[in-house]
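Participant: Need coordinates for the below:
(one chain, ligands or ions: 1)
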Amino acid sequence: MKNRLFTALEWRDGQPYSLIFDDIYFSTDDGLEETNQVFIAQNQLETRFKSLEVEAFTIIETGFGTGLNFLVTSALWLTRAPQHAQLHFYSIEKYPLKIADLSRAHALWPQFSVISSELLNQYETLKSGTNQFSIAGGRIRLSLQVDDIALVLPQLTKKANAWFLDGFAPAKNAEMWTVDVFAHIARLSQANSTFATFTSAGLVRRGLQAVGFKVEKQAGFGKKREMLRGTFVGEFL
Ligand SMILES: C[S@@+](CC[C@H](N)C(=O)[O-])C[C@H]1O[C@@H](n2cnc3c(N)ncnc32)[C@H](O)[C@@H]1O
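Facilitator: Presented below is the predicted three-dimensional model:
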């Protein structure tokens with residue numbers, strides 16, 4: 001494990017804080033509830049998992065961070081999706097957490113300890129580039145892409161059913177929300193692909209509308225007034 005791969009963060013009041021971006025990884029009000037209200041609810045995942053008629057469901061996430069979104073989504077998948085179906089979860093992360101920090105973050109949500117320990121066992125050998133993890137006897141496949149979003153997105157070919165756009169606020173991390181990133185999100189979308197994000201920044205709303213998403217504002221979580229969700233109605237490439 002090369003240490004330079006991993007990011008330094010600070011623990012403030014028991015929660016991880018990014019020194020690079022001067023920002024929180026998840027809401028200090030309640031990170032778990034934020035994931036549920038933003039990424040799960042706005043992508044209508046509970047209903048979509050329960051009524052799944054195909055063999056697989058693909059989620060692409062911009063910013064793996066602590067893996068909280070992955071843990072919550074995986075737990076929902078295992079209780080709602082048909083036994084034979086497979087969740088394909090792609091997540092992109094340029095600055096992965098050290099395993100000790102990931103483990104400390106996961107200890108905040110002991111209800112996910114089984115999925116977390118499977119993940120942590122495989123995270124031991126994390127490297128730059130593509131990392132494939134198999135969870136729950138193969139019912140979940142995590143493809144953790146350790147690199148800059150600008151380099152990873154152009155290489156992906158799998159279309160997403162749902163997007164988790166979670167890369168720190170645009171004011172603090174413009175690189176995560178560029179015109180090129182939005183164009184690749186559209187390329188990797190299909191009929192009824194949805195996205196959810198915690199931000200309501202005009203740049204994000206306009207960027208996603210411009211590439212073919214119907215975007216709606218929703219009441220935001222915690223201290224945030226609004227957030228965005230949307231459905232792809234553009235041209236499928
Ligand atoms: C708000 S955190 C994500 C939280 C995460 N989804 C969770 O469940 O904990 C945003 C993440 O985006 C990553 N990130 C920032 N800029 C990036 C870039 N250019 N390419 C890839 N990842 C990036 C950060 O390192 C950070 O882990």
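Participant: how about the residues of the protein near the ligand?
Facilitator: By C-beta under 6 Å from any ligand atom, the residues of the chain that approach the ligand are 25-26, 61, 63-69, 92-95, 148-149, 166-168, 173, 175-176. The way it works is simple: take the backbone N, C-alpha and C, and place the C-beta from them, glycine included.
Participant: Kindly supply the PyMOL command isolating those of these that are buried.
Facilitator: Buried subset of the residues of the chain next to the ligand, written as a PyMOL selection, criterion 16 or more other C-beta atoms under 10 Å:
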select buried, resi 25+26+61+63+64+65+66+67+68+69+92+93+94+95+149+166+167+168+173+176
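Participant: Among the residues of the chain next to the ligand, name the ones in helices.
Facilitator: When DSSP state H is applied, the residues of the chain next to the ligand are split such that 68-69, 149 fall in helices.
Participant: where's the spatially closest residue to residue 6 that is not a sequence neighbour relative to residue 117, distance?
Facilitator: On the basis of C-beta to C-beta, 6 or more residues apart in numbering, the spatially nearest residue to residue 6 that is not a chain neighbour turns out to be residue 98, at 4.4 Å. Taking C-beta to C-beta, to the nearest Å as the measure, residue 98 falls 17 Å from residue 117.
Participant: How about residue 52?
Facilitator: Counting by C-beta to C-beta, the separation of residue 52 from residue 117 is 26 Å.
Participant: can you check residue 175 too?
Facilitator: 33 Å.
Participant: Give me the neighbour count for the residue nearest to residue 6.
Facilitator: 17 (other C-beta atoms under 10 Å).
Participant: Just the pLDDT for it.
Facilitator: Per-residue pLDDT puts residue 98 at 97.
Participant: on that earlier part again, between residue 52 and residue 117, which one's more packed in?
Facilitator: The neighbour comparison of residue 52 against residue 117 (other C-beta under 10 Å) goes to residue 52, with 18 against 12.
Participant: tell me which element the closest residue to residue 9 other than its chain neighbours falls in.
Facilitator: Distances taken as C-beta to C-beta, 6+ apart put residue 16 closest to residue 9, at 5.1 Å, once the chain neighbours are dropped. Take DSSP states H and E as the rule and residue 16 turns out to sit in strand 15-18.
Participant: name the helices or strands packed onto that strand?
Facilitator: On a contact count with 3 or more C-beta pairs under 8 Å, 6 or more residues apart in numbering; DSSP states H and E, strand 15-18 meets strand 9-12, strand 23-24, helix 99-106.
Participant: which of the residues in the longest strand seen in the chain are buried?
Facilitator: In terms of residue count, the longest strand belonging to the chain (DSSP state E) is strand 189-197. By 16+ other C-beta under 10 Å, the buried positions in strand 189-197 come out as 189, 193-197.
Participant: Please write out the alpha-carbon positions of it in CSV.
Facilitator: Taking Å, rounded to 0.1, in the frame of the first residue of the first chain, the C-alpha atoms of strand 189-197 are listed here in CSV:
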residue,chain,number,x,y,z
SER,A,189,-27.1,7.8,-19.4
GLN,A,190,-30.1,6.1,-20.9
ALA,A,191,-33.9,6.4,-20.9
ASN,A,192,-35.0,7.1,-17.3
SER,A,193,-31.5,7.4,-15.8
THR,A,194,-31.8,9.6,-12.8
PHE,A,195,-29.4,11.7,-10.8
ALA,A,196,-29.5,13.1,-7.3
THR,A,197,-27.2,15.6,-5.7
